Structures are given as C-alpha cells and as structure tokens.
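Participant: quick one, what's the 3D model for this:
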Amino acid sequence: QVQLVESGGGLVQAGGSLRLSCTASGNIFSINGMGWYRQAPGKQRELVAYINSGGISNYAHSMKGRFTISRDNAKNTVYLQMNNLKPEDTAVYYCNAAWGPGGLDAWGQGTLVTVSS
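Facilitator: Down below sits the predicted model:
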C-alpha cells in the first residue's frame with residue numbers, strides 16, 4: 001500500500017503563487033510516477049501535471065508555463081509550484097501515485113486551492 005498526504009493549499013489572490021506538497025509513505029519503492037490532479041465544483045477530475053520515476057514531467061496545456069512539478073526522491077515528496085494563479089484554478093487538488101507492477105492508483109485526501117479575483 002501507498003499512502004499520500006498533501007499540504008499547501010489555501011486562499012490566494014489572482015496572480016499569486018502557492019506550492020503544494022505530497023509526501024508518500026508505505027511501499028514507496030513500488031512507486032512509478034506521481035502527479036497532481038484537480039477537481040473544480042461541478043467538473044470532472046483532470047490531470048494537472050505528472051512526473052515519472054525518471055524525472056520526466058508532463059502538464060495539462062492550460063498549466064504549462066505557470067505550474068512546475070518536481071520530485072524529491074530522498075524525501076518521498078512531490079511538489080507543485082503554481083504561479084500566476086487564476087480564479088479558474090480554484091479546485092481541490094489531489095496527489096496521485098501509480099505503484100506496483102499492475103499500475104495501482106493511490107490518492108491523497110485532497111487540498112483546497114481558492115483563487116480570488
């Protein structure tokens with residue numbers, strides 16, 4: 001099993017920045033990739049950014065240039081630096097880890113990001 005704990009959400013004005021953190025525990029050596037998803041009210045959960053075990057990252061189109069995902073393997077932590085936040089970035093952000101040979105998913109509890117205009 002893999003457990004994920006997120007932190008760093010909060011209220012910020014448009015144009016501001018936040019950094020989310022997600023620390024993994026449990027069967028961490030089985031983790032392949034880690035990423036961030038978000039879900040806004042009334043919308044489906046969507047991919048924000050993902051980084052694999054080799055450090056290769058990819059982003060949803062609307063986040064490119066504003067968000068940066070990074071991974072500290074020594075701390076079993078993945079970060080999401082969010083800059084130039086917009087009101088439409090308001091959502092619950094979830095950490096995800098793909099682990100095990102079958103590609104199982106682990107999810108964090110979510111952290112709320114609210115961007116005011």
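Participant: which residues sit against the lowest-mean-pLDDT helix or strand in the chain?
Facilitator: In the chain, no helix or strand scores lower on mean pLDDT, DSSP states H and E than strand 104-107, which sits at a mean of 92. For strand 104-107, contacts defined as CB atoms under 8 Å, 6 or more residues apart in numbering pick out Gln1, Val2, Gln3, Leu4, Ala24, Tyr94, Cys95, Asn96, Ala97, Ala98, Trp99. Backbone N, C-alpha and C define where each C-beta goes, glycine included.
Participant: switch those over to TSV; also include distance to Gly65, secondary structure and pLDDT.
Facilitator: Shown next, in TSV, are the contacts of strand 104-107 (distance: CB to CB, whole Å; DSSP: H, G, I helix; E, B strand; the rest coil; pLDDT from 0 to 100):
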residue	distance to Gly65	secondary structure	pLDDT
Gln1	36	coil	90
Val2	30	strand	93
Gln3	32	strand	96
Leu4	26	strand	97
Ala24	27	strand	96
Tyr94	22	strand	98
Cys95	22	strand	97
Asn96	22	strand	96
Ala97	25	strand	95
Ala98	25	strand	91
Trp99	29	strand	89
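Participant: before we move on, back to that, so what strands line up beside the least confident helix or strand of the chain?
Facilitator: Here strand 104-107 has these sheet partners by DSSP bridges: strand 91-99 (antiparallel).
Participant: off-centre distance for the partner strand?
Facilitator: 5 Å (CA atoms, centre = their mean, to the nearest Å).
Participant: separation between the residue most central in space within the chain and Pro101?
Facilitator: The residue lying closest to the centre of the chain (CA atoms, centre = their mean) is Trp36, at 2.5 Å. Separation of Trp36 from Pro101 (CB to CB, to the nearest Å): 23 Å.
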